[in-house]
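Asker: My questions are about this predicted structure, shown below with the sequence.
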Amino acid sequence: AFPEVGYGPWRYRIEQAAVELHARTPIDLVVATTNPQVSITAGLRLDAEDDVPYVVDFRDAWTFHTYSGTRRLSADSPAGRWEARAIRGASEVWFVNEALRRWHAETYPDAASHLHVVMNGYDRDLPEPLPFADRPAGHRLTFGYLGTLTPVVPLRELVQGWQHATSSLDGARAVLRGYLGYYATPDPGLAALVDAAAPSGMSYDGP
């Protein structure tokens, strides 16, 4: 079984769909974006059977814990072995920033030459400072967060920092959007943290 809770059983359907598609219309290149990590299996399968090259696009790390800076799963764990296989067999592996690329290059030195930073499509490389306009009188300053908020995201610290800062921000508000937890139904514990910060101008406005 593929070592990923919840998504692992998708492996066989993903692989079968890729094999059937390849038989109808030959595939030149597979780009597998994670997570879920199980998406890499289509590329691995077609590479093994027909030498179809594949790219692993790590929008999120797998065995590396991005918040603590430590290895989350050991190299000899099932996930560690799958990650090593996927990285070493890939034509390229993409990461969202240099810190992630560097950690993986140090962990997999024999694959370092084909590890690259490929920013998110909405990231901008800014050669010049952005012009800033004065905020119209009466407009509240709004801070926004867009993305999935899971239990590994330091939401409690965000709330505490916001509550500390609002005393000098003159009625500013913080608007959070995205999933609270892994599913469309908000995680009760995370929702309670945001609700408790409502008096300081923080709100969760849905996915």
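Answerer: On my side now, so go ahead.
Asker: Just to be sure, residue 100 is in a helix?
Answerer: Yes - the assignment for residue 100 is a helix, going by DSSP: H, G, I helix; E, B strand; the rest coil.
Asker: So that it lines up with my notes, have the first residue be 569 from now on.
Answerer: Will do, 569 is the new start, and the previous item becomes residue 668.
Asker: And for it, the neighbour number?
Answerer: 19 (other Cβ atoms under 10 Å). To be clear about C-beta, it is placed using only N, CA and C from the backbone, and glycine gets the same treatment.
Asker: same thing with residue 740?
Answerer: Residue 740 is flanked by 16 other residues according to other Cβ under 10 Å.
Asker: separation between it and residue 768?
Answerer: Residue 740 is 9 Å from residue 768, where distance means Cβ to Cβ, to the nearest Å.
Asker: quick one, what contacts residue 640?
Answerer: Taking Cβ atoms under 8 Å, 6 or more residues apart in numbering, we find residue 640 in contact with 629-633.
Asker: which two of these lie the greatest distance from each other?
Answerer: Spanning the widest gap among the contacts of residue 640 are 630 and 633, at 10.0 Å by Cβ to Cβ.
Asker: Would you double-check that residue 588 falls in a helix?
Answerer: Yes - using three-state DSSP, the secondary structure at residue 588 is a helix.
Asker: Need the pLDDT of it.
Answerer: pLDDT recorded at residue 588 is 98.
Asker: can you check residue 712 too?
Answerer: 93.
Asker: so which strand or helix has it?
Answerer: For residue 712, the element it lies in under DSSP states H and E is strand 710-714.
Asker: ok, residue 634 touching residue 671?
Answerer: No - in this structure, residue 634 is not within contact of residue 671 by Cβ atoms under 8 Å, at 9.4 Å.
Asker: Specify which residue of the two has the higher count of neighbours.
Answerer: residue 671 (18 against 15).
Asker: Which of residue 630 and residue 633 has more residues huddled nearby?
Answerer: Taking residue 630 and residue 633 together and counting by other Cβ under 10 Å, residue 630 has the greater number of neighbours (23 against 13).
Asker: Quick check, that one in contact with residue 603.
Answerer: Yes - the pair residue 630 and residue 603 passes the contact test of Cβ under 8 Å, sitting 7.2 Å apart.
Asker: Give me the spatial nearest neighbour of the most centrally placed residue in the chain, chain neighbours excluded.
Answerer: Geometric centre of the chain, nearest residue: residue 628, 3.5 Å, by Cα atoms, centre = their mean. Excluding the flanking residues, the one nearest residue 628 by Cβ to Cβ, 6 or more residues apart in numbering is residue 603, at 5.2 Å.
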